[in-house]
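# Sharing a sequence plus its predicted fold:
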Amino acid sequence: FDGSKNAPDASVENGLLPTQVTMTLGADSENSRNFRWYTGLNVDSGTVQVATDSGFSNIVAEANASREEVVKPKTRMNLGLITTYGTQEAAKYSAGVTGLDDGAIYYYRVGDKDANLWSAAYQFTTGDAADGDDAFTFINVNDSQGMVESDYDVYLNTLAQADATFPTAAFTIHAGDFVDDGANEDYWTWALDDANGVAQGMAMTPAAGNHEAKSEVEGTTDANPIVSHFNLANVPEGQDLSTGVYYSYVYKNATFVVLNTNDLEGNSLSSAQYNWAYDTLANADTEWKIVLMHKSPYSNGPHQADDDVLAIRSQINSLAAATDVDVVLSGHDHVYNRTPYLAHGNEQNVTTETQNYEGVNYETALNPSGTVFVIAGTCGVKNYAQDTSGGVPSEVALDLSVPVFTGITIDGDHLYYRAYKVEGGGSALVDSFAISKAEEDAAPAWKQVEDMIAALPEQSEVTIGDESEITAARAAYDELSAEDQQK
């Protein structure tokens with residue numbers, strides 16, 4: 001007490017203002033957004049407002065939040081490798097708004113409406129106004145973990161550079177390891193409470209990293225920090241949320257499947273998770289299929305030969321080939337590696353040509369068979385050394401010591417990928433590629449069948465899960481003319 005007779009100003013520190021504010025895609029991924037934030041117990045209600053201006057004179061959506069009194073970890077001593085924890089009580093808020101326009105700029109704020117105690121106004125977009133019904137851009141970052149506040153300043157600067165490069169991105173996907181220890185709420189505050197509002201303005205699609213596995217702090221309400229800090233939609237019921245979360249969503253003409261590489265049986269993804277992912281991807285009728293996961297199946301970093309990585313690689317090879325996955329994005333190893341197009345781990349013969357999109361030239365794969373796997377370094381401070389001795393397939397391997405972000409644009413039957421390093425106060429392009437599924441770029445029917453056959457596993461490795469691929473290849477071959485069957 002400083003002797004003042006005036007009530008203190010509202011702040012995050014005294015629990016009156018929101019902290020750890022996050023936004024995610026809602027159940028209707030294009031036109032709804034979900035929100036999560038915390039306050040002290042001295043605030044008893046929460047509201048989210050969305051407006052077309054930062055002064056909130058034109059509010060277009062408003063929703064009351066559910067409120068839950070929870071117990072969170074509290075950092076007692078943080079010495080990096082040695083941290084001790086207690087617990088703290090807080091109020092957790094969850095809310096969502098619907099009916100947003102596609103390709104619009106909005107502002108949102110959260111807080112106690114009755115007391116007029118609000119967060120800052122955070123700007124966000126629902127894509128580019130020029131985007132069509134089958135066009136959008138999203139950002140990808142990985143492994144922002146750090147041990148001191150300045151580490152997270154690097155991460156937030158990477159987000160700022162990504163936002164400046166792709167200002168109309170509809171959402172951002174993060175391959176996990178947001179923080180170095182998921183139980184450390186100081187880390188979460190440093191990662192989420194962005195003074196510039198960029199982090200809060202990104203609709204985040206998070207994957208659970210190994211550093212966000214089950215908390216060992218006893219007595220907490222939420223066993224997993226990803227579940228605690230993000231209000232996620234479309235989460236399948238019945239899964240064990242203590243280790244993380246798996247879920248999916250459709251955005252325009254793309255299906256996204258987010259896997260939880262902490263949810264294991266032995267060293268492999270749990271059968272419940274794998275079967276769910278298979279069914280989701282096999283039944284998806286979108287043009288594009290993208291998988292996000294933390295542990296990279298094809299990394300040239302120090303974890304490339306870990307037992308769980310090898311087991312997951314085998315599973316993802318089968319999953320991707322059987323369900324026609326286009327791209328797998330991952331993290332964990334803090335290196336940059338992009339594979340050739342792979343089917344069951346085997347490099348495919350792919351025709352490419354240079355195509356120009358919005359003034360940028362891309363080496364474009366024309367209706368490729370197989371899947372490209374990308375691990376795009378780290379968006380933070382921890383970079384690992386490349387190890388190319390393990391024979392991991394690599395089209396592009398970059399030895400980087402700076403943060404990386406990527407932007408991916410889907411425009412109808414084309415996908416365009418660009419990766420940037422953050423250095424010297426700016427960013428520079430380090431890798432790019434594109435995929436075309438345009439009919440005019442399609443190979444002759446006999447070549448398509450040849451590619452289907454080449455993508456099948458070796459006879460000694462065939463399993464019951466490969467039946468649909470084999471049947472499809474047989475049927476496609478039978479439909480060829482006798483002349484084409486001889487080619």
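Perfect, I can see it now.
# ranges for the helices of the protein?
149-165, 185-192, 225-229, 271-282, 307-323, 445-454, 467-478, 482-485 (DSSP state H).
# which stretch among the ones you listed comes nearest S427?
Go through the helices of the chain one by one with Cβ to Cβ and the one that ends up closest to S427 is helix 149-165, at 4.6 Å. C-beta here means a position set from N, CA and C on the backbone, and glycine is covered the same way.
# Quick check: which helices or strands does the closest one pack against?
Helices and strands touching helix 149-165, as assessed by 3 or more Cβ pairs under 8 Å, 6 or more residues apart in numbering; DSSP states H and E, comprise strand 135-141, helix 185-192, strand 404-411, strand 414-423, strand 426-436.
# can you do 7 Å?
Contacts defined by 3 or more Cβ pairs under 7 Å, 6 or more residues apart in numbering; DSSP states H and E place helix 149-165 against strand 135-141, helix 185-192, strand 404-411, strand 414-423.
# For the residue positioned nearest the centre of the chain, which non-adjacent residue is spatially closest?
The C-alpha lying nearest the average C-alpha coordinate of the chain belongs to I173 (Cα atoms, centre = their mean; 2.6 Å). Taking Cβ to Cβ, 6 or more residues apart in numbering, and ignoring the residues beside it in sequence, I173 has T205 as its nearest neighbour in space, at 4.2 Å.
# From A277, how far off is the one you found?
Noted for T205: a distance of 15 Å to A277, by Cβ to Cβ, to the nearest Å.
# ok so, going back, for the residue nearest to the centre of the chain, list the residues it contacts.
Contact criterion Cβ atoms under 7 Å, 6 or more residues apart in numbering gives F138, N140, T205, L292, L329 as the residues in contact with I173.
# Which of the residues you listed has the largest number of neighbours?
Per-residue neighbour counts (other Cβ atoms under 10 Å) across the contacts of I173 peak at N140, which has 27 neighbours.
# for that one, which residues make a bridge with it?
Legend: beta-bridge partners of N140 under DSSP bridges are I173, T406.
# Looking at strand pairing, list the partners for Q355.
When assigned by DSSP bridges, Q355 has beta-bridge partners Y362.
# Am I right that it is in contact with Y362?
Yes. Under the criterion of Cβ atoms under 7 Å, Q355 makes contact with Y362 at 5.7 Å.
# Dump the helices and strands packed on helix 149-165 to a markdown table, plus mean pLDDT and distance to E287.
As requested, the helices and strands packed on helix 149-165 are arranged in a markdown table below (pLDDT from 0 to 100; distance: least, Cβ to Cβ, whole Å):
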| stretch | mean pLDDT | distance to E287 |
| --- | --- | --- |
| strand 135-141 | 98 | 11 |
| helix 185-192 | 97 | 33 |
| strand 404-411 | 98 | 8 |
| strand 414-423 | 98 | 9 |
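# now for the ones you listed, which one comes closest to I59?
Proximity to I59, assessed across these by Cβ to Cβ, is greatest for helix 185-192 (24.3 Å).
# Using PDB, list the CA coordinates for the closest one.
Extracted as PDB, the C-alpha positions of helix 185-192 are listed here (Å, rounded to 0.1, in the frame of the first residue of the first chain):
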ATOM      1  CA  GLU A 185       2.900 -19.600 -17.400                       C
ATOM      2  CA  ASP A 186       5.600 -16.900 -17.600                       C
ATOM      3  CA  TYR A 187       6.600 -18.400 -20.900                       C
ATOM      4  CA  TRP A 188       3.000 -18.400 -22.100                       C
ATOM      5  CA  THR A 189       2.500 -14.800 -21.100                       C
ATOM      6  CA  TRP A 190       5.700 -13.800 -23.000                       C
ATOM      7  CA  ALA A 191       4.500 -15.700 -26.100                       C
ATOM      8  CA  LEU A 192       0.900 -14.500 -26.100                       C
END
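# ok, now which ones touch the residue nearest to A130 when sequence neighbours are not counted?
Distance criterion Cβ to Cβ, 6+ apart; nearest residue to A130, sequence neighbours excluded, is G103 at 7.2 Å. Taking Cβ under 7 Å, 6+ apart as the contact definition, G103 lies against T126, G127, D128, A129, D131.
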